[in-house]
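Colleague: okay, here's the prediction I keep looking at, along with the sequence it came from:
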Amino acid sequence: MGLEYVRISPGFERYMPKDYVDLVKYGQFGRQVDVQQLGQFKELVEEHPMCAGCFMAYFIRVFYAALPNPEDTIVIGTAGCARLALSQAAVPFVYGNYGDTNAVASGLKRALTIRFPDKVKDVVVIAGDGGLIDIGFGMTMHSWFRREKFTTIMVDNEVYGNTGGQESGMSPKGVQLKMAPKGKQFDKINAVELAKVAGCVYVAKLAPTNPKRIAKTIRRAILAARHFGPTFIHAYTSCNIEYSIPTEKVLEDARKREKQDFAFYEWMTDEVREYFEEIEKKTEEVKA
Amino acid sequence: MPEQRVVDADYLLLEAPRERKFITGAQAMAEAVKRANVDIAIAYPITPQSEVMHLVGDLWAQGYLRDYYRAEEEYGAMSAIAGAVRGGARAFSATSGPGLLRGLEAIASWPGHRLPAVLGVLTRVVNAPLSIQPDNVEIAYLLNCGIIVLHAENQQDVFDFTLAGFVISEKVDVYIPVAVCTEGFFVTHAKGYVNMTPEDMKLPPRDPYKAPVPPTDCEIPPARIQRDAPVQKSNFMSYLIHAVWQQEVWSSNIRAMKYIYKYLGGPIEVVNPDAEVFIVASGCAAAQGREAVRYAQLEGLNVGLVKVKSIRPFPEKEIRQVLSKAKAVIIPEHNIVGWLAKEVKACIPDNDKVIGGPRVYGGMTLPVELIMEKIYSVFGIKKEKKVVV
């Protein structure tokens, strides 16, 4: 919704749902919020049916707070846990078919570029390990090969959570899950290296232990995609149910994984680096 | 490319002057796309379709289309079409046989997503065994998707159905995709005469706001907030929402019929309406049926033809009426399952008069003589087969 469409026509405030009025008055449309102030503004996603202690739900909450341009953003998802929260946000959400996210996003982004050549319209795919690296693998990779200008975020819970805990290509080797009764027989797929080889201009990997860093990474991935090409974030978002992580220990688990195999990693092309240096210098000048 | 000017859709389809050209079916489809003001076309190779998307690619290179690319495979192509149409673009793709089946999960969801688009279906054998020949069994898979299915007899139909397809698909009370089917090779790679509208005229651009379901482009009030997807509400809500939505898809399909009358002269064409025996056929089989009617006339047999142009919506009422007094109905087809025979049998009360056949499959040609054998048998005429050694 271009910003002018978000605003309520004068005189209609009292007829609009309170939820909507609050979004416009106290939400993030048209302004940049500080992710550390979560809870002090009207968030784009509030209610969701995800499990207690779900780290993916937390990541998605931070994701929405981090959007640089929520009034002109379209989120694309697929089957899996993530869409349970994504479909309830105050940002247009497309749910197509199984694993089709990066193909749908390719068509959508191109259509928006044809129709609105002078406007910024951010397209962001946020899908799970199964959707992006198993069933949607070809479409994920080819959207990168074609250098489509949108962001792909993999919320990796290392399992098919929503269908009841089956092995995915991103499950670690040896883990016993449904459809892997003898333990997974092969290694976790190296999605980050695939993204680099396939032509992403900005690639990051993180465990969501630091909200400010998550927000910065998401913002960078979206801004780089606007101007340069495909971008990719691989985020560890544990499934506390299928991996039996006690609710109060999910952060502890994320920190443990951060030390093991999810240390913060960020890679970008030289032109993307120069671009960030330039805009970040400008921001500092404004502050000074 | 010539400078193209936008003209009214009704004028272009119904009144604009036409020029006669001798071209292939693939060319006819591309020529229609050229005049349809298409924003984006997404291609993936498969024989015999590829020719169509080569030509459409050339149109993009010449500046007729705004965007074009070769996708990773058909599921990716058809999903990207969904994305582009949601984004408000007018989109086109084409496929054949196994490609159609690979893309079918996406295609079958287009009507439910209320996505107007045109898909060329240039038929080919569905494996196995492998063959690239023009069997049309794949149309059977399309019949239950909610999509509008038109079946072209020749190059002229391909041009007319494709161009009108965009207009019908985008009508507010329709707003579901149109598949324009025709037999691969027999039509796509063979030439025929096509009366075409002028090259310098094109359809008005798609207006995505003239729609029962808005585009996903962040441009329309009110801000679209999708909350509570049906599947995560109660089972009851999930049933209910899906049920009413699908009812609406199929009602839209039926509502397309009035536009099929307006732009394509109706869902059926009848030759010799007072005939005693009818051939009911679609696509290339209709061309052979037409020839069989001529043979029969030469022999003084009163045979007519019902050519079915629209398979979805299926012209039940029209077919029932034409066949009400027929003594027998012969249904020649280019597939083994006899999907057209089943459709016809399901819509007439006295369907024991339907002869399901002759059928050729694997992509064979359909000799008129095969249809004549059925005609002779219906009229009780015994002919000795001449065997030339």
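Modeller: Looks like it came in fine.
Colleague: which strands or helices does the helix or strand hosting B:Leu59 pack on?
Modeller: Using DSSP states H and E, B:Leu59 maps to helix B:50-62. The contact analysis (3 or more Cβ pairs under 8 Å, 6 or more residues apart in numbering or on different chains; DSSP states H and E) places helix B:50-62 against helix B:25-34, strand B:40-43, strand B:67-70, strand B:91-95. (C-beta placed from N, C-alpha, C; glycine too.)
Colleague: now with 10 Å?
Modeller: For helix B:50-62, the packing partners by 3 or more Cβ pairs under 10 Å, 6 or more residues apart in numbering or on different chains; DSSP states H and E come out as strand B:19-24, helix B:25-34, strand B:40-43, strand B:67-70, strand B:91-95, strand B:118-123.
Colleague: buried sites along it?
Modeller: The neighbour-count check on helix B:50-62 (16 or more other Cβ atoms under 10 Å in any protein chain shown) flags B:Ser50, B:Glu51, B:Val52, B:Met53, B:Leu55, B:Val56, B:Gly57, B:Leu59, B:Trp60 as buried.
Colleague: again with stretch A:235-247
Modeller: Buried, per 16+ other Cβ under 10 Å, within stretch A:235-247: A:Ala235, A:Tyr236, A:Thr237, A:Ser238, A:Cys239, A:Asn240, A:Ile241, A:Glu242, A:Tyr243, A:Ile245.
Colleague: bridging residues for the second one?
Modeller: Just to be clear, that refers to A:Tyr236. A:Asp156 (DSSP bridges).
Colleague: contacting residues for it?
Modeller: Residues counted as contacts of A:Tyr236 (Cβ atoms under 10 Å, 6 or more residues apart in numbering or on different chains) are A:55-56, A:59, A:154-158, A:170, A:205-209, A:253-254, A:257-258, A:260-262.
Colleague: how about 7 Å then?
Modeller: By Cβ atoms under 7 Å, 6 or more residues apart in numbering or on different chains, the contact set of A:Tyr236 is A:Asp156, A:Ala207, A:Ala254, A:Arg257, A:Phe262.
Colleague: which residues of chain B score low on pLDDT?
Modeller: Regions of chain B meeting the criterion pLDDT under 70 cover residues B:221-233, B:386, B:388-389.
Colleague: if you set the cut-off to 90 instead, what comes out?
Modeller: Flagging of chain B using pLDDT under 90 yields the residue ranges B:1-2, B:213-214, B:219-242, B:244-245, B:383-389.
Colleague: do the stretch 51-200 of chain A as well
Modeller: Residues of the stretch 51-200 of chain A that meet the cut-off, pLDDT under 90, sit at A:84-85, A:87-90, A:96.
Colleague: I'd like to know how many residues surround residue 145.
Modeller: Here I'm looking at chain A. Neighbours of A:Phe145 under the rule other Cβ atoms under 10 Å in any protein chain shown: 13.
Colleague: actually chain B
Modeller: By other Cβ under 10 Å, 21 other residues sit near B:Cys145.
Colleague: pretty sure it is touching B:Pro111, no?
Modeller: Yes. B:Cys145 sits in contact with B:Pro111 when judged by Cβ atoms under 7 Å, with a separation of 6.3 Å.
Colleague: name the element B:Asn127 belongs to?
Modeller: Following DSSP H and E, one finds B:Asn127 outside all helices and strands.
Colleague: quick one: which of the contacts of A:Tyr236 is nearest to A:Ala221?
Modeller: A:Asp156 (15.2 Å; Cβ to Cβ).
Colleague: ok, the closest one to A:Phe59 distance?
Modeller: In this structure, A:Asp156 and A:Phe59 are 10 Å apart, going by Cβ to Cβ, to the nearest Å.
Colleague: of the helices and strands packed on helix B:50-62, which is nearest B:Gly380?
Modeller: strand B:118-123 (34.9 Å).
Colleague: got a list of contacts for stretch A:9-17?
Modeller: So stretch A:9-17 is in contact with A:Ile8, A:Val21, going by Cβ under 7 Å, 6+ apart.
Colleague: and that stretch, how far from the chain's centre?
Modeller: 32 Å (Cα atoms, centre = their mean, to the nearest Å).
Colleague: which SSE is the residue of the stretch 251-389 of chain B found nearest chain A in?
Modeller: Taking Cβ to the nearest Cβ as the measure, the stretch 251-389 of chain B has B:Ser252 as its residue closest to chain A, at 19.6 Å. Element membership of B:Ser252, judged by DSSP H and E, is helix B:235-255.
Colleague: starting at the chain centroid, how far to the next helix or strand after that helix?
Modeller: Later in the chain than helix B:235-255, the nearest helix or strand by DSSP H and E is helix B:257-264. Its chain's C-alpha centre and that of helix B:257-264 lie 14 Å apart, by Cα atoms, centre = their mean.
Colleague: now helix B:257-264: buried residues?
Modeller: Across helix B:257-264, burial judged by 16+ other Cβ under 10 Å covers B:Met257, B:Tyr259, B:Ile260, B:Lys262, B:Tyr263, B:Leu264.
Colleague: list the contacts of the first one.
Modeller: Under the criterion of Cβ under 7 Å, 6+ apart, the contact partners of B:Met257 comprise B:Pro267, B:Pro313.
Colleague: fine by me, we can end here.
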